[in-house]
Structure formats: structure tokens, C-alpha cells
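1. Starting from these lines, generate the structure:
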Amino acid sequence: MHPLSRLFTYARAYRRDVSLATVYSVLNKIFDGLPELLIGVAVDVVVNRKESFVARLGVVDP
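-> As a prediction, the model looks like this:
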């Protein structure tokens, strides 16, 4: 029997845990990319002033 087949047979009982771990891992990678996106939005606001991404969302400068 192939070792990977044995692993899948063993992991069948932990299917829910493996699925949750996969979902959380994907969410973690998404959140890892957010700081770069937020910095890009901040630079966009400073450089473009009124035509910025944040301005298009309706956020106004006080």
C-alpha cells in the first residue's frame, strides 16, 4: 500500500479538522496581502488627491 494512501485513510477521521485548517490557511494568506493593499490605497490618496480609490468610495477629507 502506498504511504500516501495510508495517510488519507488515517486522516479520513479528521476530515473536518483538515478542512478547517485549509480554510484558515487560505484566509491567513489573504490577510497577509492586506497591508500592501492598504499602503497602496494610502499612497493613492496622497498622490491622486480627489481621484483616489478612497474618494470613489465616498470618504471625504475633513
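
2. drop to CA atoms for contacts and neighbour counts, all remaining ones
-> OK.

3. Which other helices and strands does the helix or strand hosting Val47 contact?
-> If you go by DSSP states H and E, Val47 is part of helix 15-48. In terms of contacts (3 or more Cα pairs under 8 Å, 6 or more residues apart in numbering; DSSP states H and E), helix 15-48 is packed against helix 53-56.

4. in whichever strand or helix holds Tyr10, what's buried?
-> Element membership for Tyr10, per DSSP H and E: helix 3-11. By 16 or more other Cα atoms under 10 Å, helix 3-11 has no buried positions at all.

5. now the angle from it to helix 15-48?
-> Orientation note: helix 3-11 sits at an angle of 100 degrees relative to helix 15-48 (axes from the mean of the first three to the mean of the last three Cα atoms, to 10 degrees).

6. so how far is helix 3-11 from its chain's centroid?
-> Its chain's average C-alpha position is 29 Å from that of helix 3-11, according to Cα atoms, centre = their mean, to the nearest Å.

7. Arg12 versus Ser5, what's the distance?
-> As defined by Cα to Cα, to the nearest Å, Ser5 lies at a distance of 11 Å from Arg12.

8. Can you list the buried residues in stretch 42-49?
-> So for stretch 42-49, counting by 16+ other Cα under 10 Å, buried means Asp44, Val45.

9. start at 50 instead
-> Will do, 50 is the new start, and the previous item becomes stretch 91-98.

10. Where does the prediction get shaky in the protein?
-> By pLDDT under 70, the low-scoring segments of the chain are 98-105, 107-111.

11. measure the residue most central in space within it to Leu87 for me?
-> By Cα atoms, centre = their mean, the mean C-alpha position of the chain lies nearest to Ile79, the distance being 1.0 Å. Here the criterion is Cα to Cα. By it, Ile79 lies 13 Å from Leu87.

12. Lys78 too?
-> Separation of Lys78 from Leu87 (Cα to Cα) stands at 15 Å.

13. about what we covered before: now the helix holding Val96: how far from the chain's centre is it?
-> 3 Å.

14. Show me which positions of it end up buried.
-> Within helix 64-97, the residues that qualify as buried are Asp93, Val94, counting by 16+ other Cα under 10 Å.

15. now Ser74: how far from Gly82?
-> 13 Å.
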